[in-house]
Structure formats: C-alpha cells, structure tokens
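Engineer: Compute the structure for the input listed below.
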Amino acid sequence: MPEVIQKIHPIREIQVLAIVGSLRKGSYNRMLLNAAIEVAPPGMSFEIAEIGDFPPYNQDVEDAGAPAPVARFKDQIRSADGLLIATPEYNYSMPGMLKNAIDWASRPPKDNPFNGKPCGVMSASTGMGGGAKAQYHFRQSCVFVNMFPMNKPEIVIVGAQKKFNSDGKLTDEPTIKILTTFMSEFAKWCERFRSK
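Structural biologist: Numbering: from 1, shown residues only. As a prediction, this is how the structure comes out:
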C-alpha cells in the first residue's frame, strides 16, 4: 500500500499526491520529496504514488480495461487536491516511467483526472543542470492534460550528492530554506484551486 504521511491541522488537510520520477531506491529525488514533506506547512497530507508497476502504455490493453495499478493511480489523482512531482532528468527529458504514468492516467481523454489539478514540480541532479530540462518537458505535458504547474519558486538542485548526507537527509541550509518557501507557496497554490 502507498505510504501516507499526515500533518495534523484543525481544518481539512490539503491532500497531496506525491510522485517520484525515479524508480531507484537511493534516488536523490526521493530524498528531495521526503525533505519537502518534512518542511511542508501544517495542514497538508501526503500520499506517495508508486508508478513502477505500470506496463508500457498500449491502447490495445487500455481498450480491454485499465490495469489495476493504473486504475489505482487514477483514483489517487482524483482524490488529491494537488500533485507534487520530484523527477530526475534522463537524456534532456523526464524519465520514461513518469511519462508512461502520465500517458496511462490521461487516457481516455474524457476520463482524464489531471484536468484542472494544480501541481508542483521539483528536480535534483548530480550534474549542473539540476533537472531543468526534465521540468520543461513535464510542463509541456501539463498543457495537454490541463494540469496547472506552479511557476515560482523553482526547485532545481544541482550537485545533489553534496546536498544530502549518507542517511538521505537534506543538509544544505540554503536549499532547505528555498524548499520551505516552495512548500508554503505550493500549499497556497493548491488552496487557490480547491476554493474554486
């Protein structure tokens, strides 16, 4: 079962579905997501989606009915007030598994749970690009599925191997500060859409 992490608040929490674009257990982006949850303001509840068990998208399979992992994912998206994505960059783009998850969940178009959802996107990389190109391509997909990514502040972590310790904890103070601001603004972004 997906892990659920809650922060208690007297009003109904903002329900966030968190997605990691990397399948690697030691992924810096998984560490980044954990750090983001730690610094999130009160009143947010997080569920972590798993996308590693999706088959490659195939319309023939879709026509026979969505596989169970896909149906589960679509239900999670529908229940969420917003999505939080942490993704590495593979070959100047988002990882295939993340794109595959978007393709599956957005089909068929009349049953697209992304429609109208706010989202936040972050990336971490050992290189100098920090995953910026992956974010750009993710945002392109958001246009078609009608999902609304928050523009500012941006979280693009370069040299990630120097920002996290051996236990996977974010230790770089400037990064913690901007991540805290990001999560505060993301909460406001989700609330803005929830109130409509």
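
Engineer: all strands of the chain, in order?
Structural biologist: Along the chain, counting by DSSP state E, strands occupy 4-6, 14-20, 44-49, 82-86, 118-124, 148-149, 155-157.

Engineer: So for N29, which of those sits nearest?
Structural biologist: Nearest to N29 among these is strand 82-86 (4.1 Å), distances taken as Cβ to Cβ. To be clear about C-beta, it is placed using only N, CA and C from the backbone, and glycine gets the same treatment.

Engineer: strands paired with that closest one, and their directions?
Structural biologist: strand 14-20 (parallel), strand 118-124 (parallel) (DSSP bridges).

Engineer: follow-up on the earlier one: okay if I get the strands of the chain as CSV plus distance to W104?
Structural biologist: Shown next, in CSV, are the strands of the chain (distance: least, Cβ to Cβ, whole Å):
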stretch, distance to W104
strand 4-6, 22
strand 14-20, 13
strand 44-49, 12
strand 82-86, 15
strand 118-124, 17
strand 148-149, 19
strand 155-157, 26
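
Engineer: Go through these and name the closest to A68.
Structural biologist: Using Cβ to Cβ, the strands of the chain put strand 44-49 closest to A68, at 13.8 Å.

Engineer: Does the closest one pack against any helices or strands, and if so which?
Structural biologist: Under the contact definition 3 or more Cβ pairs under 8 Å, 6 or more residues apart in numbering; DSSP states H and E, strand 44-49 sits against strand 4-6, strand 14-20, helix 68-79.
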